[in-house]
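Chemist: The sequence isn't on hand, but the structure is:
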């Protein structure tokens, strides 16, 4: 549904005449009142979208702790921490029969997903 526009050049100032197409809206409807209230709240800066946050939740506590670290100048890393390989060398037997582990490389095994 395109809006039709016509420009009249005979008048000293250019006038644009638009023909409104589509279903007319009722300005007194519940939906129009809701849209007007939403527009007024956006202009006032009080309109909020999405799910509201709960002040005492664990997530809010984590975010507050992160904000405190940033304010204190502590470096905050994002994501999951990087895991380094465990290096163990040889098994050394002690006098009492205990075993000590040193510098042996334990390889990490990644599972491969099968495509069907």
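Modeler: Perfect, I can see it now. These numbers were taken from a predicted model, which means no experiment stands behind them. Numbers count the residues shown, from 1 in each chain.
Chemist: helices or strands next to the one helix or strand residue 17 maps to in the packing?
Modeler: In this structure, residue 17 sits in strand 15-19 according to DSSP states H and E. Secondary-structure packing of strand 15-19 (3 or more C-beta pairs under 8 Å, 6 or more residues apart in numbering; DSSP states H and E): strand 4-8. Just so you know, the C-beta spots here come from the backbone N, C-alpha and C atoms, and that holds for glycine as well.
Chemist: Report the mean confidence score over the strand it packs on.
Modeler: On average, the pLDDT along strand 4-8 is 58.
Chemist: ok, back up a step: next secondary structure element downstream of the strand holding residue 17?
Modeler: Criterion used, DSSP H and E; the element after strand 15-19 is helix 30-44.
Chemist: Quick one: residues in contact with that following helix.
Modeler: 25-26, 47 (C-beta atoms under 8 Å, 6 or more residues apart in numbering).
Chemist: Most neighbours of all those residues, which one?
Modeler: Per-residue neighbour counts (other C-beta atoms under 10 Å) across these peak at residue 47, which has 12 neighbours.
Chemist: related to what we said a few turns ago, so for the strand holding residue 17, what gets flagged as buried?
Modeler: By 16 or more other C-beta atoms under 10 Å, strand 15-19 has no buried positions at all.
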